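A.B. asks: quick one: sequence plus predicted model below, questions after.
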Amino acid sequence: MPAIIGEADLADRIAAAILGARIGHALGLPLLGQGAREEPEALAPPEGGLPPSDGLAVLLVNLDVVEGLNRPPTCDELAAEWSERVRLVSDEYGPALHSLSLGLRPPVTGWFNNWFLDGSAAMERALLWGCIAPGDPTRAAALACEDALVDHIEDGAHGAMFVAALLSAAFVEAEPKHLLDAAEAVLPPGSRVARAVESVRQGRRGKLAWGECARRVAEAYGHPNYSQAPQNAAYIAMGWLYGETPEDRLARTVSLGGSPQITASVLGALLGILEGTAGLPAAWVEAAAGPITPHPDVDLDAEALTTASLAERLTTLARRALEEEGASVRLGESTDLEAFDPIELVQAEMDPAVHERDPREMILRTGPVDLLINYQGPPSIAAGQSKTLYLGAIRQTDGPEAGELTLTSESRLTVGPARPQPACPGAYFLASARGRRLPRRATLELHVRMEDGVEASGSFPLLGESCWWICGPFEGGTPDDLRKPRGPERDLSESTWYPGRDDTRVRFRKISFAESHMDVERHFEGRPGTIYLVSDWQTPVDMKASIGVASSCGMRAWLDGKPILRQEDEESPLSMRNVGFASVTLRQGTRRLMIKVVRYEKPVELAVFLKDSAGRPLADVGAPEWRALGEMI
């Protein structure tokens with residue numbers, strides 16, 4: 001006999017989930033970035049309106065997509081709506097939206113140029129998927145994965161799937177063991193999210209003290225980037241399993257650090273589903289029952305920004321899912337779970353394809369034939385270099401699977417013929433591309449003709465990598481070296497040999513970077529020293545902009561010879577919150593950026609960002625070629 005959820009009970013639990021998520025976010029947000037506390041402290045409900053939430057705002061965008069389609073959305077469909085309505089720049093949202101602006105699609109957008117690919121943002125958005133697939137954790141997890149792939153891969157996606165499955169299962173089961181079993185069952189073997197949660201469960205079963213369990217989790221799964229999903233999934237489980245009351249559970253969760261606005265939001269939603277509105281503290285309900293605060297960087301319908309309207313919309317979708325033919329959980333007048341066996345929560349198997357998405361691959365759905373490109377690495381190419389591409393045509397209707405594929409491009413990108421791959425069923429090909437003075441964004445045109453005459457065409461981007469000159473290492477290792485001008489600061493030339501570290505001679509050499517993150521540590525050879533980087537950016541029109549440099553060590557930056565940024569202390573650049581930005585005016589033409597990096601004792605991490613006056617990544621400014629360093633700008 002299937003589990004039965006009563007209509008009124010379903011609506012109440014969904015409303016309570018929203019209330020719990022909102023209050024959890026508000027309680028955790030003030031503690032963001034403050035690290036772990038030795039002991040939990042009581043949390044007072046916030047006064048006045050609740051602050052806007054990135055996750056809830058994007059959840060509402062996703063909800064609009066689901067309602068418009070009346071079917072499960074794909075990651076491409078969600079991404080298209082994000083491109084139109086979301087302007088967030090923090091953490092994983094910024095890199096993903098930048099990649100979307102360059103023409104890339106998921107799951108490439110969740111991987112490429114993304115420091116936060118293992119982050120937790122999609123965990124907060126998973127409230128939507130858990131609520132509209134009640135009692136069906138496998139389905140909820142698959143929906144959450146599509147959403148997560150827009151701005152994550154692997155651990156980041158696994159965190160969202162874990163949360164969606166956990167919330168979905170909570171509609172028909174209350175025992176933590178069964179709920180966590182169901183949530184872990186949707187993850188692939190060896191998932192770090194599952195291992196982190198399991199370490200908490202083992203600690204609780206073994207009656208490990210709270211502080212010792214927290215220490216072990218932090219030691220095994222902690223990360224300088226506090227938004228990483230494995231540690232945050234563990235913190236949710238810890239607060240839940242070790243706490244006694246809803247207030248105590250949330251206080252414990254936020255005390256662990258990580259991303260407390262997300263972990264408390266997820267736990268608040270879980271407690272809402274388990275306890276219902278009547279089981280939540282009255283102060284929570286009162287604080288979170290009001291209007292949803294509009295988000296300045298997400299376009300939303302103001303009339304829909306209430307807890308009641310959101311609950312009604314989610315309940316409508318949940319009811320529809322329960323009324324589908326073959327649903328394992330049914331809708332009824334009253335809830336009846338006595339005959340439900342929790343083993344059913346782990347029996348449904350995930351589609352293996354959910355776990356097998358290649359982050360280097362994009363698919364363009366054109367109708368009868370889907371076009372595929374696998375970049376075999378980053379979706380980029382440097383001037384003068386070659387790249388091998390894997391191309392495919394995937395038949396979606398009856399008919400022959402083989403065909404011919406033609407690849408063309410703009411003049412600055414030379415492409416070789418698409419060679420069929422006999423070992424692969426269907427129409428799959430290898431092709432090569434070679435760039436010369438590439439713009440930031442070039443276009444590849446694909447055309448396929450199947451053996452029965454069915455045709456399909458589409459385009460994919462290929463990005464031009466940023467061209468830099470690099471010189472060093474020179475002597476260095478302390479903040480004082482930032483003030484000591486080395487050879488390149490006196491005489492900038494690619495033909496000059498400068499006195500380098502350890503009585504060596506060094507000169508500028510060419511290097512290119514596919515991403516904002518620039519791997520320069522290898523040029524220090526694991527020792528203190530100084531290097532210089534120079535790049536010439538092509539600016540199409542005059543514009544106001546912000547140049548940001550994230551550095552884990554000493555750094556100075558000059559634009560057209562004028563100092564714009566300086567950092568002396570060692571820092572972790574793994575969060576966009578640690579990036580120093582300088583507001584500049586970029587004149588049309590060529591602008592030269594020079595960066596001096598002084599490595600101290602720790603390895604160097606370095607990244608460069610360019611944004612417009614509204615804080616959005618600039619897609620049309622790049623360094624497509626190496627200009628002679630002696631040229632006057």
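C.D. replies: Looks like it arrived, so ask away.

A.B. asks: what are the contacting residues of stretch 214-227?
C.D. replies: 33, 35-36, 91-92, 115-116, 118-121, 192, 195-196, 199-200, 203, 208, 228, 230-231, 234-235, 238, 256-259, 262, 572, 574-575 (CB atoms under 8 Å, 6 or more residues apart in numbering). Glycine gets a C-beta too; all of them are placed from N, C-alpha and C.

A.B. asks: need the buried ones from those selected in ChimeraX.
C.D. replies: A single ChimeraX command selects the buried members of the contacts of stretch 214-227 (16 or more other CB atoms under 10 Å):
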select :36,91,92,115,116,118,119,120,121,192,195,196,199,200,203,208,228,230,231,234,235,238,256,257,258,259,262,574,575
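
A.B. asks: where does this structure have low pLDDT?
C.D. replies: For the chain, applying pLDDT under 70 flags the ranges 1, 411-412, 422-428, 435-437, 439, 572-578, 631-633.

A.B. asks: what's the single longest helix in it?
C.D. replies: helix 7-28 (DSSP state H).

A.B. asks: residue 36: what's it in contact with?
C.D. replies: Taking CB under 8 Å, 6+ apart as the criterion, residue 36 is in contact with 214, 218, 255-257.

A.B. asks: let's see which of those residues end up in helices.
C.D. replies: Filtering the contacts of residue 36 for helices - DSSP H - leaves 214, 218, 255.

A.B. asks: wait, which of those is closest to residue 298?
C.D. replies: Nearest to residue 298 among those: residue 255, at 29.5 Å, using CB to CB.

A.B. asks: rewinding a little: okay if I get the contacts of residue 36 as JSON lines plus distance to residue 544?
C.D. replies: Shown next, in JSON lines, are these (distance: CB to CB, whole Å):
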{"residue": "214", "distance to residue 544": "46"}
{"residue": "218", "distance to residue 544": "42"}
{"residue": "255", "distance to residue 544": "42"}
{"residue": "256", "distance to residue 544": "41"}
{"residue": "257", "distance to residue 544": "37"}
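
A.B. asks: ok, so of these, who is nearest residue 599?
C.D. replies: residue 218 (27.4 Å).

A.B. asks: count of residues packed around that closest one?
C.D. replies: Residue 218 is flanked by 18 other residues according to other CB atoms under 10 Å.

A.B. asks: equivalent analysis for residue 525, please.
C.D. replies: Neighbours around residue 525, by other CB under 10 Å: 10.

A.B. asks: cool, residue 342 as well?
C.D. replies: The local packing of residue 342 (other CB under 10 Å) involves 18 other residues.

A.B. asks: if I pick the residue lying closest to it once chain neighbours are set aside, what's in contact with it?
C.D. replies: Spatial nearest neighbour of residue 342, excluding adjacent residues (CB to CB, 6 or more residues apart in numbering): residue 178 at 3.9 Å. Contact partners of residue 178, counting by CB under 8 Å, 6+ apart, are 169, 342, 345.

A.B. asks: so the second one: helix, strand or coil?
C.D. replies: So the one you mean is residue 342. Under the three-state scheme (DSSP: H, G, I helix; E, B strand; the rest coil), residue 342 adopts coil.

A.B. asks: ok, it to residue 331 distance?
C.D. replies: Distance, residue 342 to residue 331, by CB to CB, to the nearest Å: 20 Å.

A.B. asks: one step back: which strands or helices does the longest helix of the chain pack on?
C.D. replies: helix 54-69, helix 121-132, helix 246-255, helix 260-279, helix 282-288, helix 307-322, strand 329-332 (3 or more CB pairs under 8 Å, 6 or more residues apart in numbering; DSSP states H and E).

A.B. asks: residue 453: which of these is closest?
C.D. replies: Closest among the helices and strands packed on helix 7-28, once you apply CB to CB, is helix 54-69, at 30.8 Å.

A.B. asks: hang on, residue 11 packs against residue 314?
C.D. replies: No: in terms of CB atoms under 8 Å, residue 11 does not count as a neighbour of residue 314; the distance is 9.1 Å.

A.B. asks: of the two, which one has the most company?
C.D. replies: Shown here are residue 11 and residue 314; by other CB under 10 Å, residue 314 has more neighbours (25 against 19).

A.B. asks: show me this protein divided up by domain.
C.D. replies: Segmentation of the chain into domains, based on automatic domain parsing, reads 13-35+47-324, 361-463, 466-612.

A.B. asks: so what's the gap between the shortest one and the chain middle?
C.D. replies: Here domain 361-463 is found 26 Å from its chain centre; the criterion is CA atoms, centre = their mean, to the nearest Å.

A.B. asks: residue 431: how many residues sit nearby?
C.D. replies: Look at residue 431: counted by other CB under 10 Å, it has 20 neighbours.

A.B. asks: check residue 68 too.
C.D. replies: Burial of residue 68 is recorded as 11 neighbouring residues (other CB under 10 Å).

A.B. asks: swap in the one 5 residues further on?
C.D. replies: Counted with other CB under 10 Å, residues neighbouring residue 73 total 18.

A.B. asks: that one touches residue 149, doesn't it?
C.D. replies: No: taking contacts as CB under 8 Å, residue 73 lies outside contact range of residue 149: 11.5 Å.

A.B. asks: just to revisit the earlier point, could you dump the helices and strands packed on helix 7-28 to JSON lines with distance to residue 103?
C.D. replies: Formatted as JSON lines, the helices and strands packed on helix 7-28 follow (distance: least, CB to CB, whole Å):
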{"stretch": "helix 54-69", "distance to residue 103": "20"}
{"stretch": "helix 121-132", "distance to residue 103": "22"}
{"stretch": "helix 246-255", "distance to residue 103": "39"}
{"stretch": "helix 260-279", "distance to residue 103": "30"}
{"stretch": "helix 282-288", "distance to residue 103": "39"}
{"stretch": "helix 307-322", "distance to residue 103": "31"}
{"stretch": "strand 329-332", "distance to residue 103": "41"}
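
A.B. asks: looking at these, which is nearest to residue 399?
C.D. replies: Each of the helices and strands packed on helix 7-28 has some distance to residue 399 by CB to CB; the shortest is helix 54-69, at 26.5 Å.

A.B. asks: who touches residue 305 in this structure?
C.D. replies: 60, 291-294.

A.B. asks: so what does it look like in phi/psi?
C.D. replies: Here the main-chain torsion angles of residue 305 (degrees, to the nearest 10) amount to phi -90, psi 60.

A.B. asks: residue 88 versus that one, what's the distance?
C.D. replies: From residue 305 to residue 88 the distance is 17 Å (CB to CB).

A.B. asks: can you check residue 47 too?
C.D. replies: From residue 47 across to residue 88, the span is 26 Å (CB to CB).
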